[in-house]
Each structure stands twice: as C-alpha cells, then as structure tokens.
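1. Fold the stuff below for me.
(one chain, ligands or ions: 1)
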Amino acid sequence: MTTRQRLSELMIRRVFFGADWLTPVMARALPGTATVLALSLVAACAGLAAPMITKAVIDQGIMGGDMGALLFWAAVSFAVGLGLVALGICTSMQHLRASMRMLGDLRLTILGCALNRNPAMPDLTVGEVQTRIDGDTAEIQKFLFDSVLVAVTALFRLAGGTVLMILLDWRLALLPLLAAPFELWFLSWARPGTQARAETVRTERGGLNGQLAETFIQVGGLRALGALNTRADGFETQQGALFDAQARQKLWAESVGAVSKLLTAVMRSAVLLVGGWLVIRGDWQIGSLVAFLAYAAMMAGPLRNLLGLYHAQSRARVALARLNEVVRDAADPEEGAPCPPAFQQLGFIGARGQAGAHAPVSVTLKAGSRVLVDGRSGIGKSQLLSAIIGQAPLAEGRIELDGADTAGFSMASRRRAVAYLPQRPCLIRGTLRDNLQIGNDNPDDAALWRVLDMVDLAGWARGLSGLDTDLHETGANLSGGMRQRITLARTLLRSSQVFVFDESFSEIDAESCARILSAIEAHLADALCIFVAHAGPVRSLDFARIVDLSVETQGEDMREPCVRLVGTG
Ligand SMILES: Nc1ncnc2c1ncn2[C@@H]1O[C@H](COP(=O)(O)OP(=O)(O)OP(=O)(O)O)[C@@H](O)[C@H]1O
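-> Down below sits the predicted model:
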C-alpha cells in the first residue's frame, strides 16, 4: 500500500469511520490537495506577517517620527499585499481544478454503483439517484477537500497568531484562549441539531427531484390527462417543504454562528479595554495594541472555521450515509464465472419470479426451438424471464444453462449469452446509429442496414437522414411500433444463444409483424427464442413449447403450470 493510500485510509477512518470506497478517490485527490495546501500555507505566512509590518509602520515610522522607516515599511506592506492578491488567484484556480477533478471522480464512482444496483434491492426513484449523484457527492467532496485545507491552514494560523500575540503581551493573549472551551462545549451541544436539519434538507431535495423527474418522464401522458396543474401544485408543495427545511437549517446555522460571533465581540472589547488602559498608562505601545487587535481578529476566522468543520462533518456524514447505501446496494456485474460459450438447453427448475402469482415452473427449453410463455396479465411472465439475466431475483427455484445454475454466472456474461428485449422499449436521445449500437460491439453500417431491413425500417430511415436520423429522448418523436422495431433491430445485432421477446411486437401492425417474424425465424434459426404475446401473429408461430403460467392442470395437489408440448420440441 502506498503512502498516499495509507494517508487517505487514515483520513477516512478518522473522519468517516470506515467508508472504504472513498479511499481510492481520496488517494487520487491527494496531489491536488497538497498543491493547494502548500499555496495556502505560503499565503497564511504572509498574512501573519502583515500586522507586524503595520506595527513597524506605526511604532518605527509614525510614532518614531522616522520618514525613512515609514517609507520602507509602507513599501514592504504594499509588496506583501500585492503578493497576497497574486497568490490568492493562483490558489483559487488550483483549488477549483483539484475540486472539480475530485468531484468528477466521486460522481463517476457513485454513478457506476447506481447503474449496477443489485436487482434484489428496491429501486431508488430517478430523482433520488440524481440528488445523490449530484448533491450528496458535492457535499462530501467539499468537506473532504476543504477539511484538509481548512484544518491545516487554520491550525497554522491559530498557532502562529497565538505565538505572536504572546510575544506582544502574554497576559492579554490569555483572553482569547479563555473563550475557546466555552465555544467548544456549545458547538458539541449544537452538533446533533445540525445533523438532523441536514438530513431533513437532503430528504426533501430528493423528494423534489423525484417529483420533477417523474413528471418529465411522462409529460406527454400527463398533458393528455390535463393533469399538469396537479403536478405543478405538487411541485409547489414539495418545493415549499424544501424551502421550509432550508430556512430552518439556515436559522439554526445563523444562531450557532451568532454565539461564536458574540464571544469574539466580548473578547475583542476586553482586549480593547485592557490594552487601551495599558497604552494610557504608558506600559504598551499603540502599534502593539493595533497589531494585537489584528491578530485577535485574525484568530477568530480560523477558530470559527475549525469549529465549523466539526458541524460540517455532521452534515457530510448525512450525505455519506446516503452514498454508502448506493455503494452497498451495487452488484459487481463481472462477479461470478463466465457463462459457457455454447449451450444446448435452458432449464427452469421450480422457478417463480418475485411477486409472480403462478405455480413454480419446471421445464427444459432446447436451442433452436420457439417457445411461448403465456398467462394472464400480471401473473409474472416478465419477472420470470428477466430473472434469466439476473434483472429480477427469483422468489424460488433456479434457472440452469446445460444443468449449471445461472446464479453462479456473472451478470455481464448472462446478459451477453441471453438477449432480453424488455416490454418497454429503451431508446435514448441521439442518432439512429447510436441507438442501434448500444450494447453491441461496434457493428458497421452495413450490419445496421441489414437489421433495419429485417424490421422493415430501412426505407423509413433512407427517407430521413439514414443512420444519422435524430431520435428524441426515449424515442418520443417515433410511433410506438417504430420504437419497438428499432429495439428489435438492435437485438438482432446480438450474437446471443437465447432471445427473449417480451411483448416486443404488440404495437406493430399484423402485416409488418408477420414479415418481421419470418425474417427473425431465418436469422435466428439456431437460437432459442422465447416469446410473450397476448395477441397478434406471434401466437401463430410454430412453437415447440407453450408454457402456460395461468393453468394448473392436474388439480390442487399438482401445482405445476401447464407445459404444452407442441411438435417434437
Ligand atoms: N420492478 C418490480 N418490482 C416489484 N414488483 C414488480 C416489478 N415489476 C413487476 N412487479 C410485480 O410482479 C408481478 C408480475 O409482473 P410481470 O410484469 O412479471 O407480469 P406479466 O405476467 O409480465 O404481466 P403483463 O402480461 O401485464 O406484462 C406483478 O404483480 C407486478 O406488480
């Protein structure tokens, strides 16, 4: 393990108590953080020198009546100020670049986990995923990145400032130190309140984004229902709840901050009174009082930052808990053995998908055959069939490829071996070419035209911009039948051994459907093709098996779904 990894791990253990997945992200962010930290420390040194220069201007120049000293120290003060401005710009640009790199890294990590969510876990709403990828990662990044910087530079400024104040007058230096324990006690008392308010804000934000995402996914349907006002009202209510939560969070933060500010003001007044009295008595120089006040004011910032970090950590932990859930519920698609390169049969052994209302299915389906999975709506056909690729968990039983349980095979290899075409077409904003290529190994244009021809879409595409024809979000600018045909064409580019067509022809006219089916028959002659169709030409295919999930054939005792053998199978 490298020093960088060790450092990050230490940080994660100390600050976040074991979110191990953050370690590599932190390790990658360390070089950027180190650069910003070095620049900040140089700026802190220059900042600490400034009041001493002011003291020299006042005591040696103004009070000492020395024009030469006045000019010299004024020039030094100007040069330091100029240097600080230049350093500030450099630090802020470096900070931005390093922060963006770290945020990008974090977002990609969470996006990967969200995309590979374990199918056995309940779905997160689109808005929730969006809020976590966007907002919660930003909260964590800000805290992780800034905490290192703030902690180190604040400690440096505090230590440097304290030493310089003691050098100016050790008795007065005790005053700011006396206030620190009380401030610490107050902040630890207030911390659970900060965490609770942060939790409410995060939850409300997830709810609002969820409402918004759901609305726009189905905006056409909602418009047709005349329900847009209802959604706008719902948005307003949800937004109101978020604003209330944010206002409560802000009020809490301001109240906590006010107590710190009050303490600083009390301390400053005490220094002014005691220091002023010493100057009047002639025991102290005015320049020293001015410098002391500058250090006292300078210390308030780092102290507040340091104590503020304590509260920022509690907010970050809320965000981290939400991200941990996403990481914890992810499944590695490559985990498990690869599927056999070729197999002869697919077996369902007492299998029933989650929430399936049918009896367990036991049937063996052979390569090259055609099978219809039948049954009333909602009985569990899709859940059972999507379990072949691990998309949905089985409630009972198992699914085998040549006698080997598919649960032992990696999801990625199951998805390659079995081409599963879900009931709802999956199309994205982009060109027709983009949409055909998704999930396929970069097929060339000739292959794309071949499958478009098979689904009767080549003429349509040629009449537009060919493979560069634009498709809107979710294929919204296409008819239902066209959407189905494009997804069928994409599936036909796969070299899988099993094809599952789940209601994939339901919106295509009977004549086109018959043509497409005969093209598929020829193209997939050696593959096992499983169909689900409530109506249409699909049901007239020459099936070797019809697995009817609705029918229990042999009375109460024999709870087997009917498997009708058609032909030689
Ligand atoms: N993602 C899901 N999470 C939880 N339950 C689900 C999910 N999808 C479907 N279900 C439930 O599983 C049961 C079977 O649904 P499934 O889609 O498999 O039925 P189906 O036989 O394919 O119906 P249809 O013919 O109407 O498509 C239903 O009770 C449904 O509510």
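2. Now do the contacts for the nearest residue to His472 once chain neighbours are set aside.
-> Leaving aside its chain neighbours, His472 sits nearest to Arg429 (6.0 Å; criterion: C-beta to C-beta, 6 or more residues apart in numbering). From N, CA and C alone the C-beta is placed, and that goes for glycine too. For Arg429, the contacting residues are Leu471, His472, Glu473, by C-beta atoms under 8 Å, 6 or more residues apart in numbering.
3. Leu384 against Phe348, yeah?
-> Yes: counting by C-beta atoms under 8 Å, Phe348 is a contact partner of Leu384 at 7.5 Å.
4. neighbour count winner among these two?
-> When Leu384 and Phe348 are compared for neighbours, Leu384 comes out ahead with 29 against 25, by other C-beta atoms under 10 Å.
5. so which helix or strand takes in the more buried one?
-> helix 381-386 (DSSP states H and E).
6. and after that helix, which helix or strand comes next?
-> strand 394-401.
7. is the ligand contacted by that following strand?
-> No: Strand 394-401 lies out of reach of the ligand by C-beta under 6 Å from any ligand atom, never closer than 9.7 Å.
8. contact partners of whichever helix or strand comes after that strand?
-> Remark: after strand 394-401, the chain's next helix or strand is strand 404-405, criterion DSSP H and E. Residues outside strand 404-405 that contact it (C-beta under 8 Å, 6+ apart) are Pro340, Arg398, Ile399.
9. mind checking how far the second one is from the ligand?
-> Think Arg398. 18 Å (C-beta to the nearest ligand atom, to the nearest Å).
10. ok, now which ones touch that residue?
-> Ile349, Gly350, Ala351, Asp405, Thr406, Ala407.
11. how does it look with 10 Å?
-> Contact analysis of Arg398 by C-beta atoms under 10 Å, 6 or more residues apart in numbering lists Gly347, Phe348, Ile349, Gly350, Ala351, Ala387, Ala404, Asp405, Thr406, Ala407, Gly408.
12. ok, those vs the ligand, which is closest?
-> Ala387 (9.7 Å; C-beta to the nearest ligand atom).
13. any idea of the pLDDT on the closest one?
-> If you check Ala387, the pLDDT there is 93.
14. ok, back up a step: out of the contacts of Arg398, who's nearest Arg424?
-> Closest approach to Arg424 among the contacts of Arg398 (C-beta to C-beta): Ala387, at 17.2 Å.
15. Return the distance of the closest one relative to Asp434.
-> Distance, Ala387 to Asp434, by C-beta to C-beta, to the nearest Å: 29 Å.
16. out of these two, which sits in the more crowded spot?
-> Taking neighbours as other C-beta under 10 Å, Ala387 and Asp434 compare with Ala387 leading, 27 against 15.
17. residues contacting the more buried one?
-> Residues in contact with Ala387 (C-beta under 10 Å, 6+ apart) are 119, 348, 351-354, 356, 380, 393-395, 397-399, 406-407, 420.
18. and what of Ser506?
-> Ser506 neighbours (C-beta under 10 Å, 6+ apart): Gln423, Gly480, Gly481, Gln484, Cys513, Val532, Ala533, His534, Ala535, Gly536, Val538.
19. I figured the fourth one hits Asp509, correct?
-> Pointing back at Gln484 there. No: with contact defined as C-beta atoms under 10 Å, Gln484 does not count as touching Asp509 (11.0 Å).
20. Which of the two has more residues huddled nearby?
-> Each of Gln484 and Asp509 has its neighbours counted (other C-beta under 10 Å); Gln484 has more, 26 against 12.
21. Would you agree the more buried one falls within a strand?
-> No: remark: Gln484 does not belong to a strand; assigned using DSSP: H, G, I helix; E, B strand; the rest coil, it is helix.
22. And it, how far from the ligand?
-> In terms of C-beta to the nearest ligand atom, Gln484 sits 14 Å off from the ligand.
23. pLDDT score assigned to that residue?
-> The model's pLDDT for Gln484 equals 96.
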